[in-house]
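Undergrad: show me the folded form of this:
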Amino acid sequence: MANALRTLSISIITLIAFIYGLNIFLTKQVNDLMYAPKGLELHTFQGTDVTVVTAPWYNLVLSGQHLVYDNNISYIVINTTNKSVVTAMTSDLILTTLFSPVNIIILILLALAISWLVNLRFQNNHEKYALKMLNTKAIELLNSLNLASESGLNKHTQLEQLQVNFQTLTTHITNYTRESEVSIYQDKLTHLIDRHAYIEHLAKQLRLAEMDKFSCALLFIDLDGFKQVNDSFGHSFGDDVLIQVATRLSSVLRHHKISNISPISQLEQNLARLGGDEFSIFINLKDDKDKALEVAQNVLHEIERDFVLGNKLIKISASIGIAVYPDSASTPQALLQMADVAMYRAKTDGRGIFKVYSPEMGKKIRRYHYLLEEMRLAIASSSFHLSFQPIVHVDDCAIDYFEALVRWDHPVEGSITPDEFIPIAEESNLILELGDWIMLESCRQMSAWYNAGMKKVSISVNISGVQLKHYDIYEWVMEKLAKTGLPAKALMLEITESTLIKASNKIIQSLEKLRSEGITIAIDDFGTGFSSLSTLADLPIDVIKLDKLFVAQANDNHKYNEIMHSVSELGRKLGLKVVAEGVEELAQFELVKSMGINSVQGYLVSHPESSVNVGHKVLQDNINFMSVTGTGVWNIQQPL
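TA: All right, here's what the predicted structure looks like:
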């Protein structure tokens, strides 16, 4: 209603203004005709009986004019004298005034103005309708999102209502976006960003570094001893350690002022948990080239502080690899990989330290991946073979057992040592497939020798910690014995000291079951681990293999000599057979024998031999002795 009244008022005012303007031009036209008629027909009335009247007040067009009426026709007075009255027909004068050029222009402008006003009014109405519809949609959207619009909005204009609703939606979208990013990119345990979000952040930072020509660094942090925490105290304790590590690393970033908080998710972008016990820190080196080393040193210090978990104090350390852009790599994935390589070098060189990537490390990792792929092919094509090294009694050189040793003759590289390819096999779990073949082939070969007369000789097979974790070792070994027909008493399993000490109760129980079947258990490389000698009483072992380091040093170092005496004495008291590894000289052999050590192994006795050579030397040369004793003699060849 108010809009209609407003429109009507504007129309009336416009009409009055137009009529008033027409009146002005009409008056001017009358005045001009007094002096110079312009094509209008004038009418002159003679005499004094002509009645001149004033135009009525309500006739706005003729307001101020004098009129003469004749035969119901109105005339406007132009001029009067004593004898006559000069007039012009009112209709002609109005038409002439109305269609004068100036008036036409005014009419056109007035029409345009009216059109503009009408259009403006229509547009305002349309906009109001659009605002109303937008508000309706906004309210529907708010309701669908369970967001109540503010009360009292009906007192505001549609535009004000829309602004409030829009602000509510904007706030909700901002919060939802942040929550979504947090949900997608945040590590649920430590609340740091995960690997994917970190790589995206690295890509952006490396593009900036490339444009502005500055360096940056990446720290790859891996916790030392974390696995032992999980195994000893459980995963809940391990999770608490990871949470505390994340907190400490965040404080390092704040201390060195290298934080980069996302404006949307409010997450720290320069620190990430890559997975497991691996973390990474990104550092901009624009202002300080040594910043990465300072941060790495601080990280090591923070991780080495005690971790308080309930009533327990846990101590761990960290190994850190550092890769620098663009020196080490130029892409996020490559930079992470190079930092990872440097981290492994830090672990190899002692743990609890940091190393900066160098090309030499790159060669090592390339060698690693090359041998890994070649090993897969070698396993598939049965390119490995076994050699057998005899272990003999010190008194009569009678063969106690053979140790099965895997060998790899590469078609291009030649002979690749087990020291190089076995660690790769263990890290990649290829040791499972390779170890399966080794066990089966060893049992098959020993079964053939056993049936040929070696009733008192056994075969020794090295067992990896990876195999102990992935297999039910009892079922696995007994299956191989069943397939090959080898008696359990003819098999020995060698397990390194470090692996055996860390074995779970389930593994220990499985080894006890194997011993009850007649299988011998040997602890290999004894003396190189971190175990207490008292643990020997609890471990399921029959044989102690003293590491070759002690044999090599015993004649020159009194302390090593005493250790060997102690181990030999301990073996006798515990009822364990002691084997000395690495006997390469006659003097070492005599020393070992004088200490009461049962058996020896080493190059003085024999290098690893093929099954053919073993068969020739034992089965053919000692056939009579073997038929009586169930073993053979492996005579020591004294060096010239």
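Undergrad: show me the contacts for Val618.
TA: 399, 449, 454, 626, 632, 634 (CB atoms under 8 Å, 6 or more residues apart in numbering). For every residue, glycine as well, the C-beta is placed using N, CA and C.
Undergrad: over to Val356?
TA: Val356 touches 293, 322-324, 342, counting by CB under 8 Å, 6+ apart.
Undergrad: how about residues contacting stretch 65-73?
TA: Counting by CB under 8 Å, 6+ apart, 26-27, 30, 43, 45, 50-55, 74-77, 85, 87, 89-90 sit against stretch 65-73.
Undergrad: can you get me the start-to-end distance on that stretch?
TA: This stretch, stretch 65-73, spans 15 Å end to end (CA to CA, to the nearest Å).
Undergrad: circling back to that earlier point, in strands only, show me the contacts of Val618.
TA: Among the contacts of Val618, the ones falling in strands (DSSP state E) are Ile399.
Undergrad: just the contacts of Val618: which has the poorest pLDDT?
TA: Ranked by pLDDT, the contacts of Val618 bottom out at Met626 (68).
Undergrad: for the spatially most central residue of the chain, give its distance to Ser232.
TA: For the chain, Arg195 is the residue whose C-alpha lies nearest the centre (CA atoms, centre = their mean; 0.9 Å). Remark: distance between Arg195 and Ser232 (CB to CB, to the nearest Å) = 27 Å.
Undergrad: counting neighbours, what do you get for Leu300?
TA: Neighbour count of Leu300, defined by other CB atoms under 10 Å: 18.
Undergrad: Lys312 is in contact with Phe233, correct?
TA: Yes. Between Phe233 and Lys312 a contact is recorded at 7.1 Å, counting by CB atoms under 8 Å.
Undergrad: what about the two, which has more around it?
TA: Phe233 (16 against 12).
Undergrad: and the more buried one, what are its phi and psi?
TA: phi -110, psi -10 (degrees, to the nearest 10).
Undergrad: mean confidence score for the particular helix or strand that has Ile76 in it?
TA: Per DSSP states H and E, Ile76 falls inside strand 73-80. Averaged across strand 73-80, the pLDDT comes to 83.
Undergrad: return the distance of that strand from the chain's centre.
TA: 100 Å (CA atoms, centre = their mean, to the nearest Å).
Undergrad: same check on stretch 379-389?
TA: Averaged C-alpha coordinates place stretch 379-389 at 40 Å from its chain's average position (CA atoms, centre = their mean).
Undergrad: what sits up against it?
TA: Applying CB under 8 Å, 6+ apart, the external contacts of stretch 379-389 come out as 377-378, 402-411, 430, 433-434, 437-438, 441-442, 445, 459, 601, 605-611, 614.
Undergrad: 7 Å - rerun?
TA: 378, 402-408, 430, 433-434, 437-438, 441-442, 445, 601, 606, 608-611, 614 (CB atoms under 7 Å, 6 or more residues apart in numbering).
Undergrad: and if you look at stretch 103-115?
TA: Here stretch 103-115 makes contact (CB under 7 Å, 6+ apart) with 14, 18, 21, 25, 97.
Undergrad: am I right that the first one falls within a helix?
TA: Translated: Thr14. Yes. Thr14 forms part of a helix when assessed by DSSP: H, G, I helix; E, B strand; the rest coil.
Undergrad: the residue nearest to it when sequence neighbours are not counted: how many residues sit nearby?
TA: Nearest residue to Thr14, sequence neighbours excluded (CB to CB, 6 or more residues apart in numbering): Ile114, at 6.4 Å. Neighbourhood size, Ile114 [other CB under 10 Å]: 15.
Undergrad: quick one: the helix or strand containing Ile114 to chain centroid distance?
TA: Remark: Ile114 resides in helix 101-144, with elements defined by DSSP H and E. Taking CA atoms, centre = their mean, one finds the center of helix 101-144 at 55 Å from the center of the full chain.
Undergrad: residues contacting the strand or helix carrying Leu591, please?
TA: Using DSSP H and E, the element containing Leu591 is helix 586-594. With contact meaning CB under 7 Å, 6+ apart, helix 586-594 is reached by 394, 551, 554-555, 580, 583, 600, 604, 638.
Undergrad: swap in stretch 194-207?
TA: Residues from elsewhere that reach stretch 194-207 (CB under 7 Å, 6+ apart): 185-187, 216, 269, 272-275, 280, 282, 325, 332-333, 335.
Undergrad: buried ones in that stretch?
TA: 194-195, 197-199, 201-202, 205-206 (16 or more other CB atoms under 10 Å).
Undergrad: next one: stretch 547-559
TA: For stretch 547-559, a neighbour-count test (16+ other CB under 10 Å) marks 547-548, 550-552, 554 as buried.
Undergrad: swap in stretch 598-613?
TA: 598-602, 604-606, 608-609, 611.
Undergrad: what do you get for stretch 274-282?
TA: Buried-residue list, stretch 274-282, by 16+ other CB under 10 Å: 274, 277-282.
Undergrad: just stretch 95-109 next, same as before
TA: Buried residues in stretch 95-109, counted by 16+ other CB under 10 Å: 96-97, 100, 103.
Undergrad: farthest-separated two in these?
TA: Maximum pairwise distance among these (CB to CB): 9.5 Å, between Thr96 and Asn103.
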